[in-house]
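Visitor: Output the structure for:
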Amino acid sequence: MSKESVLAKILTWLTYAAAFVPLIIFKDYISPFHFGKVVVFRSLVEIMAVFYILLIWKNRTYLPKMTRVGWAFFFFALAFSITTATSIIPYPSFWGSLERMGGLFTFWHYFVYFIIITAIFRSEKDWFNLFKVVIGVGVLSAFYGFLQRTELEWVVGSGNRSRIFGTIGNPALFAGYQIVGAFLALTLFLRRDNSRNLRLFYGISGAIMFTAGLMTAVRGSILGIGIGLLSFALLYSAAYRSKMARKVLLSLIAMLFLFVIASLLLKNSSFVQNSGYLRRIADFSFKNQTVQTRFWAWQAGLKGWKESPKTILLGWGPENFNIPFSKYFNPKFYNGPGSETLFDRAHNMFVEILVTMGLLGLLAYLWLFVASLRSLWRMIHSKDKMLYGVGFISLIIAYAIHNSFIFDTSANFLAFFTVLGFISFLSLDSTKDGTGKDANGKKKNSSPFWLFSAVALFILVSVSVYWVNILPSRANYATTRAIVAGWNGSFTDAVAKYKTALSYDVPGKYEFRHRFAQDLLSATASGKLSPEKTDTLYYAIEELKKNIDENQADYLPYLYLSRVYITLGKDDPSSEYNDKSLEYSLAALKLAPDFVRTYYEVGQGYLNKKDSANASIYFQKAAELNPDVGLSFWYWGLVEMERGNIDSGLNIVEQIIQTGKYSPSESDLSRLISLYFKMGDINKLVWASELLVKTKPDNAQYRASLAVAYARVGRIDGAVEEAREAARLDPKFEPEARMFIRELGREW
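Guide: Model prediction:
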C-alpha cells in the first residue's frame with residue numbers, strides 16, 4: 001500500500017472519529033455539552049491537517065477542490081476573519097466564549113475539515129459510509145435524549161425532563177442537529193439502489209430523529225421541520241411527477257391546517273393546559289415571554305448595528321453580541337432576581353451575524369445558502385442527482401427557518417458543513433481536479449526531507465494541541481474542582497483551585513475570573529471578613545481588573561469589581577473602597593445605561609457611605625426603568641424610610657405589595673411590623689401580620705402575634721381563632737392562649 005493510500009485511509013478514519021464528536025460530554029467541566037466537543041474536534045482537525053499536508057505533498061490530486069459552495073464557505077470564513085480584526089473586543093472574537101466555544105480560531109477548523117473531507121471522499125460510496133456514521137451518531141444522541149425522560153442518574157439531564165436535549169445540552173440546539181440528520185436520512189432512504197437493510201436503517205433513523213426534534217418542543221424548529229417536509233413533498237412530486245408525493249403533500253397541508261385550528265380552539269382547554277408540551281407548542285402568541293425576550297434581544301442588537309457606518313458594515317465583532325445588547329438593554333428583561341439579563345447570542349443566526357459581522361458577514365453567510373441552493377437546483381434537473389437536489393434543498397430550508405430562532409454551535413456546524421461538503425462534491429466534475437485540469441498530479445519528493453517535515457509538523461501540532469486544547473481543559477477542570485470545594489464548605493481549597501485555574505492564563509479566563517468572583521462574593525456576603533477572605537478579595541480585585549483591561553467595552557467586569565469593593569467597604573462608611581465601588585458601578589452604568597441591576601449596585605455603594613439621599617435617587621431610577629419590578633420599589637421605599645421620610649417610604653412599599661408585584665419575605669414583613677409598632681399604626685400592623693402568617697402558616701409565634709393584633713383592633717373572633725391555632729401548632733403556647741382568650745371574655 002502506497003504512502004498516499006495509507007494517509008488517505010488515516011484521514012478517512014479520523015473523519016469518522018470526528019463524526020462522533022456530537023456525543024461527547026465533559027460532565028465535570030464548565031459548559032459540559034460544548035467545551036469537550038470543541039477541544040476534541042479542534043485536536044482532531046489539527047492532526048488531520050498534518051496528515052492532509054503530507055498527503056497533498058505526495059499527490060497533488062488531493063489538493064482542495066473548490067466549487068461554488070467551497071468558495072462561499074471560504075468567503076464567509078474570510079469575512080469572519082476581517083470582522084474579528086476590526087472587533088470592538090478582538091480576544092473573544094478570536095477565541096470565543098467558554099459557554100459556546102465559538103470564535104474565529106475554532107471556525108477555521110470547520111473550514112479545514114470541509115476542505116479535507118471534500119478532498120479525500122472521492123465517490124458517493126465514500127460519502128455514504130460517512131453518512132451512515134453521521135446518522136448513527138444522530139440516532140444515539142436522540143436515544144440519549146429519550147433517556148432524559150427517565151430518572152437514570154448516569155444520564156446527564158435526566159429527571160423526567162419534558163423537553164429533551166440529547167447530547168447537545170439545549171433543546172433548540174439539539175433540534176437543529178436532529179433536523180440535519182433527519183433530512184439527510186430521509187433523502188438517502190429514497191435512493192432506489194438501497195438494499196432492504198439499508199432502507200430500513202435510513203427510514204428508522206429518520207423517524208427517530210424527527211421524533212426527537214419534535215420532542216424538544218422548540219416552536220421555531222418544529223416550524224422548520226414542518227415547512228421542510230412540505231418543501232420535500234412539493235419538490236419530490238414536481239421532480240418525479242409522483243402521485244404518492246402529491247398525496248403526502250396534501251396530507252401534510254391538511255395536518256398543518258388541522259393543527260393550527262385545533263391549537264386555536266383548544267389552547268385553553270384542560271387537556272392542553274395540563275400538558276407542558278402541548279401548552280408550549282399551541283401557544284402562538286407574540287406576547288409569550290420567550291417570544292418577547294427574542295424580540296427585545298433582536299431590537300437591542302439592531303439598534304447597536306445601526307450605531308455607526310463601521311458597525312453597519314463590519315459589526316461589533318464575532319462573539320460580541322452581548323456588547324450592543326447591554327448598551328441598548330431593554331429594562332423589561334429584568335423582572336427580579338434570577339432574571340435572564342445577559343444574551344450572548346441573538347437567538348437568530350441571521351440577526352447575530354448582521355450585528356456582530358455587519359453587512360459583510362451577513363452577505364457572506366447568505367451567499368453560503370444561496371450557493372448551496374443554486375447548486376442543488378441544478379441537480380433537480382439531473383436524473384442522477386435529482387433526489388439530492390430535492391432532499392438537500394428541503395434540509396437547507398428547514399435549517400434556515402430553525403436558525404431564524406436560534407444560533408449554531410459545534411455539533412450543528414459539524415453536521416451542516418458535512419452535508420455542504422457532499423453538496424460541493426456533487427457539484428464537481430469527477431474527472432477534474434479543483435482547477436479544472438486532469439486529475440493526475442503525483443509528485444516525487446525526497447523521502448528524508450518528507451519524513452523530517454512530517455516529524456516537524458507533528459511536533460508543531462502537538463504543541464498546538466497542548467496549548468490551545470489541553471491547557472484550557474486543565475484550567476476548566478480546576479475551576480469546577482474549586483466550585484465543588486466551595487459547595488463542600490472548604491473556602492481555602494476552593495481559592496487554591498481557582499488560583500491554579502487562573503495561573504494557566506488560557507482562553508476561558510474571563511469566565512474563570514467571574515466564576516471565582518461570584519463564589520467569593522457568596523462566601524463573604526455575611527459576617528465579618530476574616531484576614532484570609534480579605535486577602536482573597538484583594539487577589540480577586542487584581543484578577544477582575546485584568547478582565548476590564550481585556551474587555552473595556554463590557555460592563556460586566558466593572559460590575560463584578562464594584563461588588564467586591566462593596567464587600568470590602570460595607571462595615572466602614574469612610575472606607576475608600578466605597579468610593580472605588582461607585583467608580584466602577586458608574587462606569588458600568590455608562591456602558592449599559594438601562595441595566596436595572598447596576599442601579600442597585602450604585603445605590604448600595606451610596607448606602608455603604610451612609611448617603612441615603614443619593615442611594616434613593618438610583619433606586620428610584622431603577623423602579624422607573626421597569627415599573628413591573630416590585631423589588632426596585634421595595635429598595636426605594638426602605639431607603640426613603642432610612643432618610644427619615646417614613647410616610648412616603650411606607651407608601652411606596654405598601655402600594656407595591658398591594659399590587660402583587662412584590663412578595664415580601666419574613667424578614668421584610670418583620671421589619672414592617674416593627675416599624676408599625678413603633679408608629680402605633682395598629683391597622684397596618686394587622687395587615688403586615690396577616691401577610692407574615694401567610695408566608696409561614698405553621699409558625700405558632702406568628703399566629704400568636706396576629707391574635708394580639710386582632711384583639712387590639714377589636715376583631716375578637718379572629719383573635720380567638722389565631723390563639724387557638726397557635727396553641728395547636730405549639731402546645732407550649734396553650735397556657736398563654738387560654739389566659740388570653742379568657743381575658744377577651746370567651747371560653748376556651
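Visitor: contacts, neighbours, all on C-alpha from now
Guide: Will do.
Visitor: helix/strand/coil for residue 505?
Guide: coil (DSSP: H, G, I helix; E, B strand; the rest coil).
Visitor: so what's it up against?
Guide: By CA atoms under 8 Å, 6 or more residues apart in numbering, residue 505 lies in contact with nothing.
Visitor: Give me the distance between it and residue 11.
Guide: According to CA to CA, to the nearest Å, residue 505 stands 33 Å off from residue 11.
Visitor: before we move on, what about residue 496?
Guide: 42 Å.
Visitor: Domains in the chain, by residue range?
Guide: 3-427, 664-748 (automatic domain parsing).
Visitor: In terms of packing, which of residue 496 and residue 11 has more residues around it?
Guide: Higher neighbour count among residue 496 and residue 11: residue 11, with 25 against 15, using other CA atoms under 10 Å.
Visitor: Let me know the pLDDT of the more buried one.
Guide: We have a pLDDT of 97 for residue 11.
Visitor: same question, residue 178
Guide: pLDDT, read off for residue 178, is 97.
Visitor: so it touches residue 210, yeah?
Guide: Yes - with contact defined as CA atoms under 8 Å, residue 178 reaches residue 210; the gap is 6.9 Å.
Visitor: Just want to know which of the two has more residues nearby.
Guide: Under the criterion of other CA under 10 Å, the comparison of residue 178 against residue 210 puts residue 178 first, with 32 against 23.
Visitor: just to confirm, which helix or strand has the more buried one in it?
Guide: helix 171-189 (DSSP states H and E).
Visitor: Next secondary structure after that helix?
Guide: That would be, after helix 171-189 and using DSSP H and E, helix 196-215.
Visitor: If you count neighbours, what's buried in the very next helix or strand once past that next one?
Guide: Later in the chain than helix 196-215, the nearest helix or strand by DSSP H and E is helix 219-240. For helix 219-240, burial by neighbour count (16 or more other CA atoms under 10 Å) applies to 219-237, 239.
Visitor: for stretch 722-739, same thing?
Guide: 722-727, 729, 733-734, 737-738.
Visitor: shaky segments in the stretch 501-650 of the chain?
Guide: Along the stretch 501-650 of the chain, no part satisfies pLDDT under 70.
Visitor: check contacts around residue 110.
Guide: Taking CA under 8 Å, 6+ apart as the test, what residue 110 contacts is 413-414, 417.
Visitor: still on that earlier bit, make CSV out of the domains of the chain and add distance to residue 490.
Guide: Output for the domains of the chain, formatted as CSV (distance: least, CA to CA, whole Å):
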stretch, distance to residue 490
domain 3-427, 19
domain 664-748, 29
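Visitor: ranking these by burial, who's on top?
Guide: domain 3-427 (a mean of 20; mean count of other CA atoms under 10 Å).
Visitor: and that one, how far out from the chain's middle?
Guide: 15 Å (CA atoms, centre = their mean, to the nearest Å).
Visitor: rewinding a little: common neighbours of residue 178 and residue 210, please.
Guide: Contacts common to residue 178 and residue 210, judged by CA under 8 Å, 6+ apart, are absent.
Visitor: sorry, back to before: report all helices and strands that the helix holding residue 178 contacts.
Guide: Secondary-structure packing of helix 171-189 (3 or more CA pairs under 8 Å, 6 or more residues apart in numbering; DSSP states H and E): helix 124-147, helix 196-215, helix 219-240, helix 386-403, helix 410-427.
Visitor: between the ones you listed, which one is nearest to residue 370?
Guide: Checking those against residue 370 by CA to CA gives helix 386-403 as the closest, at 9.9 Å.
Visitor: Can I take it that residue 534 is in a strand?
Guide: No - counting by three-state DSSP, residue 534 is not found in a strand; it is helix.
Visitor: so how many other residues sit close to it?
Guide: For residue 534, using other CA under 10 Å, the count is 15.
Visitor: OK, contacts around the nearest residue to it once chain neighbours are set aside?
Guide: In space, not counting the residues next to it along the chain, residue 534 is nearest to residue 568; the distance is 7.4 Å by CA to CA, 6 or more residues apart in numbering. By CA under 8 Å, 6+ apart, residue 568 lies in contact with 534, 537, 577-578.
Visitor: nearest to residue 201, of those?
Guide: Using CA to CA, the contacts of residue 568 come closest to residue 201 at residue 537, 58.5 Å.
Visitor: The closest one: which element?
Guide: With DSSP H and E as criterion, residue 537 is part of helix 531-550.
Visitor: How about residues contacting that helix?
Guide: So helix 531-550 is contacted by 89, 91, 495, 510, 513-514, 516-517, 520, 524, 554, 557-558, 560-561, 564, 568 (CA under 8 Å, 6+ apart).
Visitor: Going by neighbour count, which of those are buried?
Guide: Looks like those have 89, 91, 495, 510, 513-514, 516-517, 520, 524, 554, 557-558, 560-561, 564, 568 buried, using 16+ other CA under 10 Å.
Visitor: Which ones among those residues map onto helices?
Guide: 91, 495, 510, 513-514, 516-517, 520, 557-558, 560-561, 564, 568 (DSSP state H).
Visitor: follow-up on the earlier one: possible to save the helices and strands packed on helix 171-189 as JSON lines with distance to residue 331?
Guide: Formatted as JSON lines, the helices and strands packed on helix 171-189 follow (distance: least, CA to CA, whole Å):
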{"stretch": "helix 124-147", "distance to residue 331": "35"}
{"stretch": "helix 196-215", "distance to residue 331": "33"}
{"stretch": "helix 219-240", "distance to residue 331": "25"}
{"stretch": "helix 386-403", "distance to residue 331": "26"}
{"stretch": "helix 410-427", "distance to residue 331": "32"}
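Visitor: Relative to residue 277, which of those is closest?
Guide: Comparing the helices and strands packed on helix 171-189 by CA to CA, helix 196-215 comes nearest, at 8.1 Å.
Visitor: for the record, mean pLDDT for the closest one?
Guide: The model assigns helix 196-215 a mean pLDDT of 96.
Visitor: returning to what we had before: tell me which residues of the helix holding residue 537 come out buried.
Guide: Quick answer for helix 531-550 (16+ other CA under 10 Å): 533, 537, 540-541, 543-548, 550.
Visitor: can you dump the C-alpha coordinates of stretch 606-613 into PDB?
Guide: Extracted C-alpha coordinates of stretch 606-613, given in PDB (Å, rounded to 0.1, in the frame of the first residue of the first chain):
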ATOM      1  CA  TYR A 606     -24.100  55.000  48.500                       C
ATOM      2  CA  LEU A 607     -25.700  53.100  51.300                       C
ATOM      3  CA  ASN A 608     -22.300  51.900  52.400                       C
ATOM      4  CA  LYS A 609     -21.300  55.600  52.700                       C
ATOM      5  CA  LYS A 610     -24.500  56.300  54.600                       C
ATOM      6  CA  ASP A 611     -25.500  58.600  51.800                       C
ATOM      7  CA  SER A 612     -29.200  57.600  51.600                       C
ATOM      8  CA  ALA A 613     -30.200  60.600  49.600                       C
END
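Visitor: ok, and what's touching that stretch?
Guide: Here stretch 606-613 has contacts from 566, 569-575, 578, 582, 614-615, 639-640, 642-643, using CA under 8 Å, 6+ apart.
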